[in-house]
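Student: sequence below, structure please.
(one chain, ligands or ions: 1)
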Amino acid sequence: MERVYNFSPGPSMLPLEALETAAKELVCYGSSGTSVMEMSHRSKAYIEIFEAAVALIKELMNVPDNYKILLMQGGATAQFAATAMNLMGGSGRADYVDSGSFAYGALVEAKKYGRINVVASSREDNYTYIPKLDATTFDKGADYFHITTNNTIFGTRYTTLPDTGAVPLAADMSSNILSEVYDVSKFGVIYAGAQKNIGPAGVTVVIVRDDLLDRELPITPKFLSWKQQSANDSMLNTPATYSAYLAKLCLEWLKKLGGVPAIEQQNIAKAALLYDFLDDSKLFDGTARSEFRSRMNVTFVTGSAELDDEFIKGAAKAGLINLKGHRSVGGMRASIYNAMPVEGVKALVAYMKKFEEAH
Ligand code: PMP
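Tutor: Take a look at the predicted model:
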């Protein structure tokens, strides 16, 4: 069977080149005589792979030297708790922006460990936009200020970052890390599950400024302790060895095509193809407010649940899969992460045109 265009919100498409390299190396990696999956995580061959993955993240994101890059497990969900546990050792208070389901999930989790101030929310409007922030409502004594840079379910993104002054900015970047250029020095911590723009599920990237490594709550499990993970080069226990290897292959692919500035231009162009079509369409409507539109997750509806269903089923037959929107938004969502080729987006727009003409 031929490969299809997979618009899944994650796990999602991986670069074909990375998959083909992995296939070639699956049974026997280099001169090791074993698969990467069978290697000890303490072996020289494996540590080289792991360190190369970390070095690529540093290079691609231009991570300053005073930041640690950790490869952890447990997904962004584990980091919802970890962020609170690792940073709440000061005032025990944190500011959160409630801009989507995962942003909300992060603050609900953090409430278990400290006092949370929700500075703004777009929940009442089903998260169709990033809420307006008023700096006078920020807690100057907060241990951190948490945002979700891209809201995967609702298809919105921050176009400007809040200025939180001396309060460290903590960001869940799961669904747009490596898709656009960010100045890492603006953040205290960035975390992201790998399964959208980094590699397969299993690895969670945490980038943390090193002066924030001494603020953990005494109850922090060692597994979630950034300080302990950092002191052990993310090898406190057995890491997700094969996922980290595949992430390395995906990062090499990204580097080869020009890194984040180059993919950002491609992502802008890919998203524009879809949004331009939506803006002209008489059948389809985008669900996110245009000034906050995500470049990674494009959400749209026809206005009729039956038509949406017909659209999704027909698309799958045409080799365009996983377009069903999240149940809280309905309709469709096209997730077009880094590895989605422009041809995939063009094929989707062509199918949407055809569908509109037929209806
Ligand atoms: N945050 C965001 C923005 C996400 O998109 C997701 C997953 N789709 C999560 C958090 C949860 O991530 P995980 O499943 O890796 O725990």
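Student: show me which residues of the stretch 51-200 of the chain sit near the ligand.
Tutor: Applying Cβ under 6 Å from any ligand atom, one finds that the stretch 51-200 of the chain approaches the ligand through 75, 76, 77, 102, 148, 152, 172, 174, 175, 193. (C-beta placed from N, C-alpha, C; glycine too.)
Student: surely the fifth one meets residue 97?
Tutor: What it means is residue 148. Yes - here residue 148 reaches residue 97: they are 7.5 Å apart, a contact under Cβ atoms under 8 Å.
Student: settle it for me: which of the two has more neighbours?
Tutor: residue 148 (29 against 22; other Cβ atoms under 10 Å).
Student: touching the ligand at all, the helix or strand where residue 246 lies?
Tutor: Using DSSP states H and E, residue 246 sits in helix 241-256. No - Helix 241-256 does not reach the ligand (Cβ under 6 Å from any ligand atom); its nearest approach is 11.7 Å.
Student: next helix or strand past that helix?
Tutor: helix 259-280.
Student: tally of neighbours for whatever residue of the stretch 251-359 of the chain ends up closest to the ligand?
Tutor: Distances between the stretch 251-359 of the chain and the ligand by Cβ to the nearest ligand atom are smallest at residue 297, namely 8.4 Å. Neighbour count for residue 297, taken as other Cβ under 10 Å: 30.
Student: over to residue 242?
Tutor: For residue 242, using other Cβ under 10 Å, the count is 20.
Student: do you know the pLDDT at it?
Tutor: pLDDT recorded at residue 242 is 98.
Student: ok, now residue 2?
Tutor: 89.
Student: same check, this time on the one 5 residues further on
Tutor: If you check residue 7, the pLDDT there is 98.
Student: what's the spacing between it and residue 312?
Tutor: Counting by Cβ to Cβ, to the nearest Å, the gap from residue 7 to residue 312 is 10 Å.
Student: mutual contacts of these two, please.
Tutor: Taking Cβ atoms under 8 Å, 6 or more residues apart in numbering as the criterion, residue 7 and residue 312 both touch residue 323.
Student: what about the two, which has more around it?
Tutor: Using other Cβ under 10 Å, the more surrounded residue of residue 7 and residue 312 is residue 7, with 25 against 17.
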